[in-house]
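[1] Have a look at this prediction, sequence included:
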Amino acid sequence: MTTLVRNAWYVAAWSSEVDDQLRRFTILGDAVLLYRRGDGHVVALEDRCPHRQLPLSMGKRIGDAVQCGYHGLTFGPDGKCTRVPGQDKIPPSAYVEAYRVVEKNDIIWIWMGEAHRADPDTIFDLPQFHEPGWHAHQGDALFLKSNYLNVAENLVDPAHVSFVHPTTLGNSASENVPVHVSTDGPAITAWRWIRDAEPIGFFKAFGGFEGNVDRWHYYHLYAPSIAVIDFGSAETAAGIAEEDRDSGNRIFALHFMTPVSETETIDRWMHLRNTAIETEEASERIDAMFRVAFGEDKEILEAVHAEEQRPAKRRPIRLAIDRGPMVYRKRITEMLERERTEDVSAEPNGAFVYHD
Amino acid sequence: MTTLVRNAWYVAAWSSEVDDQLRRFTILGDAVLLYRRGDGHVVALEDRCPHRQLPLSMGKRIGDAVQCGYHGLTFGPDGKCTRVPGQDKIPPSAYVEAYRVVEKNDIIWIWMGEAHRADPDTIFDLPQFHEPGWHAHQGDALFLKSNYLNVAENLVDPAHVSFVHPTTLGNSASENVPVHVSTDGPAITAWRWIRDAEPIGFFKAFGGFEGNVDRWHYYHLYAPSIAVIDFGSAETAAGIAEEDRDSGNRIFALHFMTPVSETETIDRWMHLRNTAIETEEASERIDAMFRVAFGEDKEILEAVHAEEQRPAKRRPIRLAIDRGPMVYRKRITEMLERERTEDVSAEPNGAFVYHD
Amino acid sequence: MTTLVRNAWYVAAWSSEVDDQLRRFTILGDAVLLYRRGDGHVVALEDRCPHRQLPLSMGKRIGDAVQCGYHGLTFGPDGKCTRVPGQDKIPPSAYVEAYRVVEKNDIIWIWMGEAHRADPDTIFDLPQFHEPGWHAHQGDALFLKSNYLNVAENLVDPAHVSFVHPTTLGNSASENVPVHVSTDGPAITAWRWIRDAEPIGFFKAFGGFEGNVDRWHYYHLYAPSIAVIDFGSAETAAGIAEEDRDSGNRIFALHFMTPVSETETIDRWMHLRNTAIETEEASERIDAMFRVAFGEDKEILEAVHAEEQRPAKRRPIRLAIDRGPMVYRKRITEMLERERTEDVSAEPNGAFVYHD
C-alpha cells in the first residue's frame, strides 16, 4: 500500500532549478516535465507522450509548447495536443496531464492530487518571508535513499540530536533538558529551552553574545512533509518570554520533503534569520553547519530504510520519545485513508496555518 | 505473456562472429553455444550441461565435440552425450538441445522453435545478394535495451524520420510528402517518392548527380523481425517508373532484429547497393551515416522501453501514422496465439517471399 | 523454500577477524554484530535496534555494552536493553537477540538456531589441532556468489578435479583410479589411493621424496557445511596401511562454509600439516596452491549458480559420480524437514564426531 499522500502541495523545485529548458523531475513516483513559458510562468506536464510514451523532456520547445521527439506531437502549456503531424483531426485522448503549479517565495509548489482540491491559499508560508529584518537563503536539495516518512519523523524527534549530532547541532548541555510535545495544532511541535548556558559557536560568532544565553529549539512538523525548525538564543540577562523569540537571535530552518518514490526522498532545506542578515558569510556558515548535520541524518536514515527492507521477526517498538513521530504517522495514515476511500466529506489535506 | 515468437528464422550472428572457439549467445532468452566444426559447419547447442548446469561454453573443444568444464561430459554437434567420465552407460537424458542452423549470404540463421516447422526455404533472401552489379556490406550488431517490438515498429514508421533524424536520414523536403502503406503482402510496406528535389549528400558524392533527382523510400517489415529499407535516387529527367528502381542509384538497408530477451534486442544491420560498388569508402560512408542515425533511434527506443516499464494510468493512443505498426503488432499477436495454442492446422510462421 | 539449516554450528569468523570494534557479519541471511568484550569474550548480537531498526554496528561501545547511534538505546552483551534515554522504565520488548558463540581452535563458532539445541560439545574438532607435530594455518574467507549447497557438494566430488583443476590439484595419474564412497558415518566420505606414482610438486619440495609415492585423497563432508580433505603421500617403498597416514606427509584442508544468504556463501578454508611444520614458507606455498585451485572452483560454482537462476525446461540429471552429492542433498533435506516441522523427538543437527 502506498505511503504517498497526493492531495498536498509539494515543493517541486527551487525557483532557480527551473528555466526555459525541458527538465524532468520525479515526484510521488510520477515523471514531471518542468519549464518556464516565455512570460516566466512555470509549466508542469506529465512527462510522457500519450502516443508512444517518449518522455516529452527529450523533445523540444516550440514557443511555449513542447514537441515530442519521436513523431512531433505538440502539447501546449495546458497539456492539450495542438498538432499531430500526418493528420488534421486531433483526438481528444491526445493530451498530457497538466499539474497545478504556484511559485511563491522563490519556491515552485506543485499539486499532484485531485485538481478540485488544490487551494493555493493553503500553500506553506511564514510571516518572516515578508517582514523586514529577515534574510532567507536556500540551501541544498538533499537526496536520500529512504522513504519520506523516516525523513519527516526525524524532524520532530529532538531525542536523536544528542546521538546523531553530538558535535554539530547538539551538545551535552541539552541532554537532560525535558522536551515538550504538543499535537493540538496543525503542526506537531516538540520544543525545549536550555536556560543560562554557553552560546553555540554560530551565535558566538554572529550574535555578539559575551555571557550566557537562553537557547530554544522548536520543531514543527506539518504532515505530510514540511518541517519548520525554529532555534535561537537571547542573553540570559534579558530574560525574554517564550513568545518574544523575535527579540533574540532567531533562525528558522525549513525542510520541504518531496517523495521521489516510495523509497527515495529529496529534502530541500533553507533558512531564514534575523541576525547577520547582510552578511552572506553567515549564510554560508549556516549552510556548512547544516550540510554536516544533515549528512549525519542521511547516513542514519538510509541505513534505517535499508534495514526496513530486510525480513523482520518482530515489530519495531515505540518509546516515550516517539510521541511526535507516532502522532505524525497517525496523521499520515488518516490522510491516506481519506484518499483511498474518496471520502468526499473530508477536509482537503495540506491546509497550512502557521501558529508561532 | 511472452512477446517472443519462436517459430521463425532469426539471425544468430554474422558469419564472421563465429569461429572454432566456444561462444555464448543469448537468443529469445535462451543461452546458445555457437562454434564451427572442423569442416566449417556451424554448430548451435543449448549452452547448459544437463548434469550440473554449467554453460558448455566454459568447457573445451574435443575435436568437433564439446567437453563440459565441470565433470567432463562430452557432447557431439548433434547435442548427444558421447562420454560420461566414471560410467560406461550414457543415460538417454544426457543430451543438450541442438538448434537447426543455416548459413546463407554470410549470415548464420537459427531456428529456436518447433523443429518440424523449420523450413530452410523460408529463410530471408534478396535477389540482389546473387546478382552482379551489387555490393553487400555488413554493418554492426547494435544492442538496444528495448523489447524488439519497439525496434521493429520503428522500421515501418516513416513518420518518425523528420523528428528523430532531422539532420541524417530526413530533411525538410519530405515533411509533407504523403506516405503510402500496403499490408497486403507478406511484408507490411510503407513508401513515398520525393520528386524533383536536391539529392542527399551521399548520392551527390557517389551518384554523380548534377541536377535534381527523384528519391524513394520503401520500408518493408516482415514479422517477426526483418526489415528491408529500399531507398535511392534517379535523375528527375530520366523519369523512371516505380518498378525500375534498379536503373537508379539504389541501396537496401537490412535490419535483422534478434530478441535477446523480453527487454533486450540486437539489431544486426547491413546494406547492399548498386552504386560505387568497388569503393570500400562508400561502404564506410554509409556505415557512418547509419551509425549516427541508428544511434538516434537507440536513444529514443530505449527511453520508450524504460517508460513502458513505469506504471501508466492510460493506454497509449494510436494515430493515423501508426497503420503499419498496428498491422505489425496484430501479426505478432496472431503468431504468438498460434504458438500458444498449438494450432496444428496453421501455416508455419516466418515464410519469406520477397516481392519487389 | 529455504535451503538454510539453522540448527548447526557455523563459523562466524576466524578469531583474527573480530576485535573490540563493532563489526557486521551476515550469516544465514541475518545481520550479526560481533565484537569482543573487555575480557576478550566474543559477543554476537542481532544487528538491528528494536526501536528504529538502525544497525547497532553503526553505534558505539559503552564499556561492554553497545549504544545505538540513533537514540542511544543501550544493550548489554546478553542483548538486554540497559538504558532508554528519556524514560526510566525499560520495556521488556527492548532487547536484541543474543547468539550463542564459542571460540575454539582460533575459530569463532555461532549457533543461529533454536537456543536449547545448541551443544558446544558438538562443535567441529580434529585431534590434530591438539597434537604435537602438527601446524595449523588459516587461509582465506572466500566469498562465492552461489548457494552453499553447490559449494559443499563440490567438496565431496572427486570427479571434478581432473576437469576443473587439471594443473593444480589433479593430474593425469588419477584420472582412471576408482573412487570409493562411504555414507555410513556422520560424514559422507569419498576417497582414493594413487599407488606408486611421482609425488606432486609440494611434496617434492617439502617431503624430501626422491622416489615414487603412494598418494591419498579423502573427502569428508559433514552436513550442513564442513568439509575435511585429507591428502598426503608416503614412500611407496614404505608400503603404509590406509590407517597409518600419519606416518606419511599428511595435510588436512578444512572448509567451513557459512551461508551469507540463499545466494551467497563464504568458504573459510585452512589447513593442518605434519610436514615442514616450522617453515612458514610451506604455509604460504599451500595457500598459494589453494588460492589458484579454489579460484577455479569459484568460477565454476558461480556460473552454475547463475545458470540455476535461469528458466529450465528439464530437471538436471544425476550420474554415478554424484553418489556423495546426492546423499549430501538428502541429508540437508532431512535436516530442513526436521526444522520445518518442529519434530521435537529428533536428534539435534550438527553433531560432530570425527572418525579417522
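    Okay, I see it.
[2] going forward, measure contacts between C-alpha atoms and count neighbours the same way
    Will do.
[3] Touching stretch A:303-310 from outside, list them.
    A:Lys145, A:Ser146, A:Asn147, A:Asn150, A:Thr263, C:Arg48, C:Arg52, C:Gln53, C:Leu54, C:Pro55 (C-alpha atoms under 8 Å, 6 or more residues apart in numbering or on different chains).
[4] Quick check: which element contains the fourth one?
    Per DSSP states H and E, A:Asn150 falls inside helix A:148-153.
[5] Could I get the average pLDDT for that helix?
    Regarding helix A:148-153, the rounded mean pLDDT is 98.
[6] and if you look at stretch A:40-58?
    Average pLDDT, stretch A:40-58: 98.
[7] That one near chain B anywhere?
    Yes. For stretch A:40-58 and chain B, the contact criterion (C-alpha under 8 Å from any C-alpha of the partner chain) is met by A:Arg48, A:Pro50, A:His51, A:Arg52, A:Gln53, A:Leu54, A:Pro55.
[8] Could you tell me which residues within that stretch count as buried?
    A:42-58 (16 or more other C-alpha atoms under 10 Å in any protein chain shown).
[9] Narrow those to those in strands?
    Members of the buried residues of stretch A:40-58 lying in strands (criterion: DSSP state E): A:Val42, A:Val43, A:Ala44, A:Leu45, A:Glu46.
[10] nearest to chain B, of the residues you listed?
    A:Glu46 (11.0 Å; C-alpha to the nearest C-alpha).
[11] what about the stretch 51-200 of chain A, any weak spots by pLDDT?
    Applying pLDDT under 70 to the stretch 51-200 of chain A flags the ranges A:169-176.
[12] Looking at the stretch 151-300 of chain A, which residue is nearest chain B?
    For the stretch 151-300 of chain A, C-alpha to the nearest C-alpha, closest residue to chain B: A:Ser261, 11.9 Å.
[13] Around chain B, which positions in the stretch 1-150 of chain A sit nearby?
    A:48, A:50-55, A:69-72, A:86-87, A:93-94.
[14] Pick out the most distant pair among the residues you listed.
    Largest separation among the residues of the stretch 1-150 of chain A next to chain B by C-alpha to C-alpha: A:Pro55 and A:Gln87, giving 21.7 Å.
[15] in what helix or strand does A:Pro259 lie?
    Going by DSSP H and E, A:Pro259 is in strand A:249-261.
[16] To clarify, my last question referred to A:Glu284.
    Judged by DSSP H and E, A:Glu284 forms part of helix A:280-308.
[17] From what I see, A:Asp287 and A:Gly139 are in contact.
    Yes. Contact criterion C-alpha atoms under 8 Å: A:Asp287 and A:Gly139 qualify, at 6.3 Å.
[18] per-residue pLDDT, A:Arg6?
    Looking at A:Arg6, its pLDDT stands at 97.
[19] Contact partners for it?
    Applying C-alpha under 8 Å, 6+ apart, the residues contacting A:Arg6 are A:Leu28, A:Trp111, A:Met112, A:Gly113, A:Glu114, A:Glu339.
[20] If we go by neighbour counts, what in whichever helix or strand comes after the helix holding A:Glu284 is buried?
    Next helix or strand after helix A:280-308 toward the C-terminus (DSSP H and E): helix A:323-341. Buried residues in helix A:323-341, counted by 16+ other C-alpha under 10 Å: A:Arg323, A:Gly324, A:Pro325, A:Val327, A:Tyr328, A:Arg329, A:Arg331, A:Ile332, A:Met335, A:Leu336, A:Arg338, A:Glu339.
[21] circling back to that earlier point, ok, how many other residues are close to the residue of the stretch 151-300 of chain A closest to chain B?
    20 (other C-alpha atoms under 10 Å in any protein chain shown).
[22] need the contact list for it.
    A:Thr26, A:Ile27, A:Leu28, A:Gly29, A:Asn147.
[23] let's see it at 7 Å
    By C-alpha atoms under 7 Å, 6 or more residues apart in numbering or on different chains, the contact set of A:Ser261 is A:Ile27, A:Leu28, A:Gly29.
[24] again, but for A:Asn150
    A:Leu301.
[25] any idea of the mean pLDDT for the strand holding A:Pro259?
    97.
[26] Tell me what angle that strand forms with helix A:280-308.
    Orientation check (axes from the mean of the first three to the mean of the last three C-alpha atoms, to 10 degrees): strand A:249-261 against helix A:280-308 gives 40 degrees.
[27] just how off-centre is strand A:249-261 within its chain?
    5 Å (C-alpha atoms, centre = their mean, to the nearest Å).
[28] Export that strand to CSV, keeping only CA atoms.
    Provided in CSV are the C-alpha atoms of strand A:249-261 (Å, rounded to 0.1, in the frame of the first residue of the first chain):
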residue,chain,number,x,y,z
ASN,A,249,18.8,35.9,17.5
ARG,A,250,16.5,33.6,15.7
ILE,A,251,16.8,31.2,12.8
PHE,A,252,14.2,29.1,11.0
ALA,A,253,15.4,26.0,9.2
LEU,A,254,12.8,24.8,6.8
HIS,A,255,12.7,21.3,5.3
PHE,A,256,10.5,20.6,2.3
MET,A,257,10.5,16.9,1.7
THR,A,258,9.3,15.7,-1.7
PRO,A,259,8.9,12.0,-2.1
VAL,A,260,10.6,10.9,-5.3
SER,A,261,9.1,7.4,-4.9
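[29] how far off helix A:280-308 does the helix or strand following it point, in degrees?
    Later in the chain than strand A:249-261, the nearest helix or strand by DSSP H and E is strand A:264-273. If you take the same axes, to 10 degrees, strand A:264-273 sits at 150 degrees to helix A:280-308.
[30] buried stuff in stretch A:132-151?
    A:134-139, A:141, A:143-151.
[31] go on, stretch A:201-216?
    So for stretch A:201-216, counting by 16+ other C-alpha under 10 Å, buried means A:Phe203, A:Gly207, A:Phe209, A:Asn212, A:Val213, A:Asp214, A:Arg215, A:Trp216.
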